[in-house]
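1. give the three-dimensional model of this entry:
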Amino acid sequence: MVVMASLNSSHTPVTVLGLGLMGTALATALLRAGHPTTVWNRTRSRTEPLTAQGATPADTPARAVAASPLVLVCVTTYDDVTALLRPHTAELAGRTLVNVTNGTPEQARKFAAWAEEHGIRYVDGGIMAVPQMIGTPAAYVLYSGDRQAYETHRPVLEALGGTRWTGEDPGLAALYDLALLTGMYGTVMGVVQSYALIRSQGVEARELAPLLSDWLNAMTASLVPHTAEAVDTGRHLTDVSSLAVNQAAFPNILTAFADQGVRTELFDPLRELFDRAVAGGHADDGFSRLVDLLKV
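-> The predicted structure is shown next:
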């Protein structure tokens, strides 16, 4: 990997636009790392705690952008990013814009095209952390887009957590971000359903928690890499747990939910998916085959 020449990370000024919980955490981490940090937020009072830490508040987005060669924007939606930045193309021209607002791959690509049209070096980012993790080894941020801009400012970005480059397609960071969040939501919903089921019999969730944690850790440790290998190679046959076995057993789970007074809508679609897989001739395959069946 070729690493481009970088600015002196101990002196690079940075601007942070948007001071919600995450934006505030980003600015705090930059200040702690010694970067001169300019901050702006629509509600000016949110700049005050950061000003007390040494940040420079800006009265307007234009002045905030003009203060630094590197601009981070962290707001709620891409519509917010557009409304905030489109009036300031002149100030942004020639600077690097790192957008860590949550969005879709297509939104990132469209915004990158707009940035390129106006001479703005654009890097899209996906934060894989909660605000309290920013600036610690537990946090990392996915990046994609302008590789040279990323490499130039990577020493600064490392103040936020680990950096993971995903590619020059600006939509890749968002794609990885949403794929990881998909896995998280699936796990969280399974945990929630498990606790609903166990509590239906008056058992406290904390009684199940150690068993559930150990079970999930043991299952995902092998399931995640083995499924990836099967998906990429197309070798879906399994001697562990076939789709036919799961199709036969799964109704018991739904019946237990109903018997225990637990709603089933989180799990109902899985029954249809198992039925479709077996009907399609994939009875002996493992869960990896379902990846193909999820394509539109």
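2. run through the stretch 151-296 of the chain and note the low-pLDDT ranges.
-> Under the criterion pLDDT under 70, no range of the stretch 151-296 of the chain is flagged.
3. how far does the top strand by length along the chain sit from the chain's center?
-> The residue-count maximum for a strand in the chain (DSSP state E) belongs to strand 121-128. Strand 121-128 sits 10 Å away from the centroid of its parent chain (Cα atoms, centre = their mean, to the nearest Å).
4. paired strands for the helix or strand just after that strand, with orientation please.
-> Per DSSP states H and E, the first helix or strand lying C-terminal to strand 121-128 is strand 140-145. Paired with strand 140-145 in the same sheet, following DSSP bridges, are strand 121-128 (antiparallel), strand 162-167 (parallel).
5. now do strand 140-145, average pLDDT.
-> Throughout strand 140-145, pLDDT has a mean value of 98.
6. return it as PDB; C-alpha atoms alone will do.
-> Provided in PDB are the C-alpha atoms of strand 140-145 (Å, rounded to 0.1, in the frame of the first residue of the first chain):
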ATOM      1  CA  TYR A 140     -12.900   2.500  14.300                       C
ATOM      2  CA  VAL A 141     -14.100   4.400  11.300                       C
ATOM      3  CA  LEU A 142     -14.600   3.100   7.800                       C
ATOM      4  CA  TYR A 143     -13.500   5.400   4.900                       C
ATOM      5  CA  SER A 144     -13.900   5.400   1.100                       C
ATOM      6  CA  GLY A 145     -13.500   7.900  -1.700                       C
END
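7. packing partners for the helix or strand that that strand is followed by?
-> Downstream of strand 140-145, the first helix or strand assigned by DSSP H and E is helix 147-157. Applying 3 or more Cβ pairs under 8 Å, 6 or more residues apart in numbering; DSSP states H and E, one finds that helix 147-157 makes contact with strand 96-99, strand 121-128, strand 140-145, strand 162-167. For the C-beta atoms, the positions are set from N, CA and C on the backbone; glycine is no exception.
8. let's have these in CSV, adding mean neighbour count and distance to D177.
-> Formatted as CSV, the helices and strands packed on helix 147-157 follow (neighbours: other Cβ atoms under 10 Å; distance: least, Cβ to Cβ, whole Å):
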stretch, mean neighbour count, distance to D177
strand 96-99, 26, 12
strand 121-128, 25, 3
strand 140-145, 24, 6
strand 162-167, 16, 9
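9. may I see those strands organised as TSV, with distance to S222 added?
-> Formatted as TSV, the helices and strands packed on helix 147-157 follow (distance: least, Cβ to Cβ, whole Å):
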stretch	distance to S222
strand 96-99	36
strand 121-128	22
strand 140-145	23
strand 162-167	23
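10. R289: which of those is closest?
-> Between R289 and the helices and strands packed on helix 147-157, the tightest spacing by Cβ to Cβ is seen for strand 162-167, at 26.6 Å.
11. hmm, who's touching that closest one?
-> 137, 139-144, 147, 150, 154, 157, 172-173, 175-176 (Cβ atoms under 8 Å, 6 or more residues apart in numbering).
12. what does stretch 265-272 give?
-> With Cβ under 8 Å, 6+ apart, stretch 265-272 has contacts from 189, 192-193, 250-251, 253-254, 257.
13. to A221, which of the strands paired with strand 140-145 lies closest?
-> It is, among the strands paired with strand 140-145 and with distance given as Cβ to Cβ, strand 121-128, at 19.3 Å.
14. between helix 147-157 and the closest one, find me the angle.
-> For strand 121-128 against helix 147-157, the angle by axes from the mean of the first three to the mean of the last three Cα atoms, to 10 degrees is 50 degrees.
15. strand 121-128 - what's its average pLDDT?
-> 98.
16. can I get the CA coordinates of that strand in CSV?
-> Output of strand 121-128 as CSV, limited to C-alpha atoms (Å, rounded to 0.1, in the frame of the first residue of the first chain):
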residue,chain,number,x,y,z
ARG,A,121,-11.8,16.4,-2.0
TYR,A,122,-14.4,14.0,-0.6
VAL,A,123,-14.0,11.1,1.8
ASP,A,124,-17.1,9.3,3.1
GLY,A,125,-17.0,7.7,6.6
GLY,A,126,-18.9,5.1,8.6
ILE,A,127,-18.3,5.3,12.4
MET,A,128,-18.4,1.9,14.0
